[in-house]
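A.B. asks: sequence and predicted structure below; questions after.
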Amino acid sequence: MALLLIMAIVLSLLCSEPSFVLGDIGTAASYAPPYLPTKCNGNREDQFPPGNLFVAVSEGLWDNGAACGRRYRLRCLSGNRRPCKGGTVDVKVVDFCPKSPCPSTILMSTDAFAAISRSSGDKINVEFIQI
């Protein structure tokens, strides 16, 4: 009987969809235009990637400006009123957080935020990894 119970537990663990966290954990919020000028490339319009999928980062990721141009893959983990859409979004760092203190680890353009969250004004918990 104990063997059947152990086998049932192992089988249920193998059949369930695991949700492993492979990157760092932080918070993200949306920020609205105007997006220019940025700390990375000033007033250059060509700094923004297609689809306006970009972010501003807080001090912990800024790395004295070395973060400019870095790319991250973000995934919504949780938030108020179940905001996560599922999936990921790839973004490019174009700025240092324009607010002091920064309200989250990463400030996402409205388009980038909308790609992973149903909520527009709330802060969400995210997993992020440099790609």
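C.D. replies: Perfect, I can see it now. Residues are numbered from 1 along each chain as shown.
A.B. asks: from here on, contacts and neighbour counts on C-alpha atoms
C.D. replies: Noted.
A.B. asks: which intervals of this protein have sub-threshold pLDDT?
C.D. replies: Scanning the chain for pLDDT under 70 picks out 1-21.
A.B. asks: show me what the most centrally placed residue in it is bridged to.
C.D. replies: Centre of the chain computed as the mean C-alpha position; nearest residue by Cα atoms, centre = their mean is Leu74, 3.5 Å away. Beta bridges link Leu74 to Val89, Phe128, judged by DSSP bridges.
A.B. asks: who's in contact with it?
C.D. replies: Taking Cα atoms under 8 Å, 6 or more residues apart in numbering, we find Leu74 in contact with 88-91, 126-129.
A.B. asks: now the buried members of those residues.
C.D. replies: With burial judged by 16 or more other Cα atoms under 10 Å, the buried subset of the contacts of Leu74 is 88-91, 126-128.
A.B. asks: just these now: which is nearest Gly60?
C.D. replies: Using Cα to Cα, the shortest approach to Gly60 within the buried ones among the contacts of Leu74 belongs to Phe128, at 13.2 Å.
A.B. asks: and that closest one, how far from Ser104?
C.D. replies: Counting by Cα to Cα, to the nearest Å, the gap from Phe128 to Ser104 is 13 Å.
A.B. asks: give me the common contacts of these two.
C.D. replies: Here Phe128 and Ser104 share the contacting residues Gly26, scored by Cα under 8 Å, 6+ apart.
A.B. asks: I'm done for today, thanks for sticking with me.
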